[in-house]
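Q: quick one, what's the 3D model for this:
(2 chains)
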Amino acid sequence: MTDNDSAPIISIKNITKRFGAEVVAVDDVDLDIRRGEFFALLGPSGCGKTTLLRMIAGFEVPSAGQILIDGQDMASVPPNRRPVNMVFQSYAVFPHMTVFDNVAYGLKIAGVAGDEIAQRVPEALELVKLGGYGPRKPDQLSGGQRQRVALARALIKRPKVLLLDEPLSALDAKLREAMQLELVHLQETVGITFVIVTHDQQEALSMANRIAVMEDGKVRQLAPPAELYENPNCRFVADFIGKMNLFEGKVSGLDGDRVLIDIEGLGQIPAAVSASNPSEIRGEVGLAVRPEKMRLSGEQPTDGAISLSGVVSEVAYYGDVSFVFLRDSAGRNLSAHMQNASRHGGLPLKVGERLWCSWEPNDGIILTA
Amino acid sequence: MGLFNGGKRAIQIGPLEYNKRLSFRLIFFVTLVFLYTPILTLIAFSFNDSRRNIVWRGFTLKYYEKAMDNDSLIQAFTNSMTIALISTIVSVILGAMVAIALWRFRFPGKASLEGAMALPIVIPEICMGVAMLAFFSRVGYPTNMPWPLNLGAITVAHISFSFPFAAMIIRARLANFNREQEEAAKDLGANEWETYRDVVIPYMRPGLLAGGLLAFTLSLDDFVITFFTAGPETVTFPVKVYSMVRFSVTPEINAASTVLIVITIALTVIATLMQNRAKP
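A: Residues are numbered from 1 along each chain as shown, chains lettered A, B, ... in the order given. Okay, the predicted model is just below:
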């Protein structure tokens, strides 16, 4: 353990990337990636997350700003000299080489001795559970196995950071879920910092220690998964991560440490404020409530929860959970998740039925941006 | 039986089973007949024990011996092979370089270069031939040099019309190259040259082989352009056959042509085998 253990492994300082005169792919991004963490860049396609990753790897040159890896400025360092390795979206396994040669490639180029290669390659293959696959050609492997080859090929170089560009997007749902867990275990085993780019919020939430949510080239919020989910700082993040019921309203007053918001059809309702001074929040705001925090009932609840009634417009059945969609008197579409906790019973849901939807004041999130 | 009885069977022919329809089988059969009968006849009559190529008079190999003893024919054959070999090597190298330049880089005049590249492919051969003749006589290309330097003019002409074909084939191959493989090599520490050596060129290999094969056959059987650029000392095989045929079609020509066909087929088979092995 050295002194700089607390220093970030990657420091991105005011990085901007323009393509031509019009397109700004990455817009003045400033963030630190900590040593040993599993970091996710999350956002819709075209938000600049892949461009940012490619700038870290050295395949794109920033238009402005600075990238430091382990304290070293990367401006004049070509991709083949950077202490990072990448797992590509297409895996980019070399088709004319065997699995062994693919994994050994980085070591051969670095001039590592033959007997050391012969020892380290099987180790790396064992690490990704491909022991004994060395003599095979990539076209004899499944997509998941090819990805493991790409992982072993990158990890064998013992990089300071492993970059993963949408690594799971080409896998089927079952395999993707298994790979998510495996990547997390792998990261814990090797202790290398992982930076993953993904558009799949579930993937980011389940794998990463911290997530940077990007939109239009900017980082909208950088937080651990639970904070991101429970305390989104703007409408975009609230809507992009998970599902959200959004009520637009106006701040009308204070009630202790709660803010009173005037919402059409609901009247004045209290909402909890997380950190900042409640008196600073005023004007037009959004009140957001997660569908799973909504309770459904046939009668209006009397326990102090905020409630409103609506007509069931649709029910989507997912086995473990049903998504119930309601339309309230103000014409808003609401959704509530209902656990199918029992094989029989629960509310008999019919389209057109009137139901009450309620939530605790503390479960409402105030969104000002 | 077999080929034509498909339609009369009790088994119904499905709407997409074109290969079982009588009309399609007929077209297929006729195509085969017109394609291969002339070639098979040529080969068969090279073994015919007759001075004229009309009636079969028994098997002999004497025309092969005769062709082997024909010094000017052998000379023409050697010339053709030498020219084809050099032309192929240079065409593939040039073609690969052009293909990489057009695939990899964006530069002013790229579209014009692509057009200029395709020109030798679309220009009528006879015009190319005349142009080459005018060019070499204007430049004053020395004609009385020792073998194989005296083949220079023909070789240059052959390269100039072969390499665009090679470039086209190699570029088509490169178009499907996954650039992430190139980036992966660099990511793993390879420099520009190592990336080409270990990743890009192995990927190009089937294209290089196919381009080379095409350049070789183009050069080997070219008559028109060669006819205009050849001197009395530098006769190639097609030009020689043409001058022999003007007197009469003897089994000797059949024999020489058969040898050429065998060589071409052998090369194609080798190239195909290599290509299959190189396939990812």
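Q: and the residue of the stretch 101-250 of chain A found nearest chain B, its phi and psi?
A: Relative to chain B, the nearest point of the stretch 101-250 of chain A is A:Gly106 (3.7 Å; CB to the nearest CB). Quick note: C-beta positions are derived from backbone N, CA and C, even for glycine. The phi/psi pair for A:Gly106 (degrees, to the nearest 10) reads phi -60, psi -40.
Q: mind checking pLDDT for it?
A: For A:Gly106, the pLDDT comes out at 94.
Q: and it, how far is that from A:Met338?
A: Distance, A:Gly106 to A:Met338, by CB to CB, to the nearest Å: 51 Å.
Q: follow-up on the earlier one: if I look at the residue of the stretch 101-250 of chain A closest to chain B, how far off is A:Arg146?
A: 17 Å.
Q: list the contacts of the helix ranked longest in chain A.
A: For chain A, the helix with the greatest residue count under DSSP state H is helix A:173-190. Applying CB atoms under 8 Å, 6 or more residues apart in numbering or on different chains, the contact partners of helix A:173-190 are A:38, A:127-128, A:143-144, A:147, A:151, A:155, A:162, A:164, A:167-168, A:171, A:194, A:196, A:203, A:206-207.
Q: give me the next element, helix or strand, following it.
A: strand A:193-198 (DSSP states H and E).
Q: just checking: what are the partner strands of that following strand?
A: strand A:38-42 (parallel), strand A:161-165 (parallel) (DSSP bridges).
Q: let's have the ones you listed in a markdown table, adding distance to A:Ser90 and mean neighbour count.
A: Converted to a markdown table, these look like this (distance: least, CB to CB, whole Å; neighbours: other CB atoms under 10 Å in any protein chain shown):
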| stretch | distance to A:Ser90 | mean neighbour count |
| --- | --- | --- |
| strand A:38-42 | 18 | 27 |
| strand A:161-165 | 9 | 25 |
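Q: follow-up on the earlier one: buried subset of the contacts of helix A:173-190, written for PyMOL?
A: Listed next is the PyMOL selection for buried residues among these, using 16 or more other CB atoms under 10 Å in any protein chain shown:
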select buried, chain A and resi 38+127+128+144+147+151+155+162+164+167+168+171+194+196+203+207
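Q: dump the strands paired with strand A:193-198 to a markdown table, plus mean pLDDT.
A: Formatted as a markdown table, the strands paired with strand A:193-198 follow (pLDDT from 0 to 100):
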| stretch | mean pLDDT |
| --- | --- |
| strand A:38-42 | 94 |
| strand A:161-165 | 94 |
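Q: can you pick out the residue with more neighbours from A:Gly106 and A:Arg146?
A: A:Gly106 (25 against 22; other CB atoms under 10 Å in any protein chain shown).
Q: I figured that one was touching B:Ala184, is that so?
A: No - contact criterion CB atoms under 8 Å: A:Gly106 and B:Ala184 do not qualify, at 9.5 Å.
Q: identify the contacts common to the two.
A: With CB under 8 Å, 6+ apart, A:Gly106 and B:Ala184 have common neighbours A:Arg153.
Q: show the pLDDT at the residue in chain A positioned nearest to chain B.
A: Closest approach of chain A to chain B (CB to the nearest CB) occurs at A:Pro95, with a separation of 3.0 Å. According to the prediction, A:Pro95 has pLDDT 92.
Q: which residues of chain B lie near chain A?
A: B:178, B:180-181, B:183-191, B:194, B:198-199, B:202-203, B:278, B:280 (CB under 8 Å from any CB of the partner chain).
Q: out of these, which end up buried?
A: For those, buried by 16+ other CB under 10 Å: B:178, B:180-181, B:183-190, B:194, B:198-199, B:202-203, B:278.
Q: and B:Ala184, what helix or strand is that in?
A: With DSSP H and E as the test, B:Ala184 turns up in helix B:179-187.
Q: typed the wrong thing, it's A:Asp28
A: Applying DSSP H and E, one finds A:Asp28 within strand A:23-33.
Q: packing partners of that strand?
A: strand A:10-19, helix A:49-57, strand A:64-69, strand A:218-223 (3 or more CB pairs under 8 Å, 6 or more residues apart in numbering or on different chains; DSSP states H and E).
Q: which parts of it are buried?
A: A:24-27, A:29, A:31, A:33.
Q: do stretch B:59-73 as well
A: So, applying 16+ other CB under 10 Å, buried residues of stretch B:59-73: B:63-64, B:67, B:70, B:73.
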